[in-house]
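> give me a model of this one.
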Amino acid sequence: MAVSRALPLDALKVLFVTDGTGDCARILGLVESAVAGGVRAIQLREPTLNAATLAELCAHVRTLLEPVSGLLFVNDRCDLVAAGCCDGAQVGCHSLSPSLARRAVGTGWLGASCHDPEQLARAKAALVDVACLSPVWPTRSKPGHPGLGIELAGEWTLMGGLPTLWLGGVEARHAAQVAALPRARRPIGVAVMSAIAGAEDPRAAAQHLVQAWAASLSAADPASLCD
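Numbers count the residues shown, from 1 in each chain. Next comes the predicted model:
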């Protein structure tokens, strides 16, 4: 089984996930704003677009990411990773299993959506590069779900034993709460959708998120302050 090269974790402080409208002009405008605001990782979540359109969209997005050494992931499309159109694929609960996806992407990067410790364990066993744990906070995409909360999310992140992003209702104001966790229980970054895509000024929103989360995730471990 091929194993990917080391994932540049610094690029994943804030990952912008597109919101599935299928509007390529809008997507490129949002990605341009996000990158201008400091985002260095993009995930195209566009299930209505066919492979040819996605490949073309990837090419355009890469022209925005290459000058800043950014990363491009695409939901589900392991074939686009194998074809060199993007850096990695993100697989969900109804996608290829992480183990099959790992075979398909070869040395490309692989992310997996996880919602419980069992899914995190399967992701680790399949040599997934990064897990995306959700929903951590209440989110409009899962109405009525209270979210895991940072204590449980931190416990599962520690148990999972692999780099983990937190998704679901992420806002800049949550960063200080996460900074209070021991470093081993923190995510390596966060994934956001509406916080940028739904903002009046996507570039300013991206910049605010990047600044807040970069400071939070690199903060000293609070446990070390007691030594």
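> can you give me the buried ones in stretch 178-197?
Using 16 or more other C-beta atoms under 10 Å as the test for burial, stretch 178-197 gives 178-179, 181, 185-197. Using the backbone N, CA and C atoms, a C-beta is placed for each residue, glycine as well.
> extract the C-alpha set from that stretch and format it as CSV.
Provided in CSV are the C-alpha atoms of stretch 178-197 (Å, rounded to 0.1, in the frame of the first residue of the first chain):
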residue,chain,number,x,y,z
VAL,A,178,-9.5,25.8,22.1
ALA,A,179,-6.3,27.5,23.2
ALA,A,180,-7.2,26.6,26.8
LEU,A,181,-7.0,22.9,26.0
PRO,A,182,-3.8,20.8,26.4
ARG,A,183,-2.0,20.8,23.1
ALA,A,184,-2.5,17.0,22.6
ARG,A,185,-6.3,17.6,22.6
ARG,A,186,-6.3,20.4,20.2
PRO,A,187,-7.0,20.1,16.4
ILE,A,188,-4.3,21.0,14.0
GLY,A,189,-6.8,23.3,12.4
VAL,A,190,-10.4,24.0,11.6
ALA,A,191,-12.6,23.6,8.5
VAL,A,192,-15.1,26.3,7.7
MET,A,193,-17.8,26.8,5.1
SER,A,194,-20.4,29.4,5.8
ALA,A,195,-18.1,31.5,8.0
ILE,A,196,-16.4,32.6,4.7
ALA,A,197,-18.9,31.7,2.0
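> figure out how far it is from the centre of its chain.
Taking C-alpha atoms, centre = their mean, to the nearest Å, one finds stretch 178-197 lying 10 Å from the centre of the chain it belongs to.
> try stretch 127-143
In terms of C-alpha atoms, centre = their mean, the centre of stretch 127-143 is set 9 Å apart from its chain centre.
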